[in-house]
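K.L.:
Coordinates for the following, if possible.
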Amino acid sequence: MLLFTFVARICLVDGASMNPGLQDQDRVIITSQPYRPAYGDVVVVDSYTPHGKPLVKRVIGMAGDTIDIDFTAGVVYRNGQALEEPYTAEPTYLKEDRDFPLTVPEGTLFVMGDNRNHSLDSRSQEVGCIDPRDVLGKVLFRIFPFTRQEQ
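P.N.:
Below is the predicted model:
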């Protein structure tokens, strides 16, 4: 009990936005200790969103970064550099309702799901850029299911 109170906690992945790495109903262990997000980290965002559920997303940008997305080619850029993203399910074609390029406001993070065309994330004003204080922790690893059948 002390381990889960002070060191780590279990969270449920809800939906397909993090496919292929994490899938709907996977259980993951996240840090419970104070944590400073870094580029590429998969984090769990508190349930303050209109969904009322925690969001599992990847950190793409931090305060002051300029994020641009070429929706025709499906490429995400941070500060003019194309990101190498072997973890994504497919190129990024889904635009949502924000204009790009976008400069990440001070005190916020820009997050995206790995299943880019099936993810509600910072590209949408509904989620927007995330206050790091709303990050519950970094995903350390998946604990359930223990094994996964590949399709």
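K.L.:
May I have the beta-bridge partners of the residue most central in space within the chain?
P.N.:
In the chain, the residue lying closest to the centroid (C-alpha atoms, centre = their mean) is K57, at 1.3 Å. Legend: beta-bridge partners of K57 under DSSP bridges are V43.
K.L.:
My guess is it contacts S17. True?
P.N.:
Yes - between K57 and S17 there is a contact at 7.3 Å, judged by C-beta atoms under 8 Å. Any C-beta I mention is one placed from the backbone N, CA and C, and that applies to glycine too.
K.L.:
Now for those two: what residues contact both?
P.N.:
Shared contacts of K57 and S17 (C-beta atoms under 8 Å, 6 or more residues apart in numbering): 113, 119, 121.
K.L.:
quick check, nearest of those residues to L22?
P.N.:
For the shared contacts of K57 and S17, the residue nearest L22 by C-beta to C-beta is G113; the value is 9.4 Å.
K.L.:
Retrieve the pLDDT associated with the residue lying closest to that closest one once chain neighbours are set aside.
P.N.:
Spatial nearest neighbour of G113, excluding adjacent residues (C-beta to C-beta, 6 or more residues apart in numbering): S119 at 2.8 Å. On the pLDDT scale, S119 is placed at 91.
K.L.:
I'd like to know how many residues surround S119.
P.N.:
28 (other C-beta atoms under 10 Å).
K.L.:
ok, it - contacts?
P.N.:
17-18, 57, 94, 112-113.
K.L.:
Filter those down to just the buried residues.
P.N.:
With burial judged by 16 or more other C-beta atoms under 10 Å, the buried subset of those is 17-18, 57, 94, 112-113.
K.L.:
I am finished for the moment; much appreciated.
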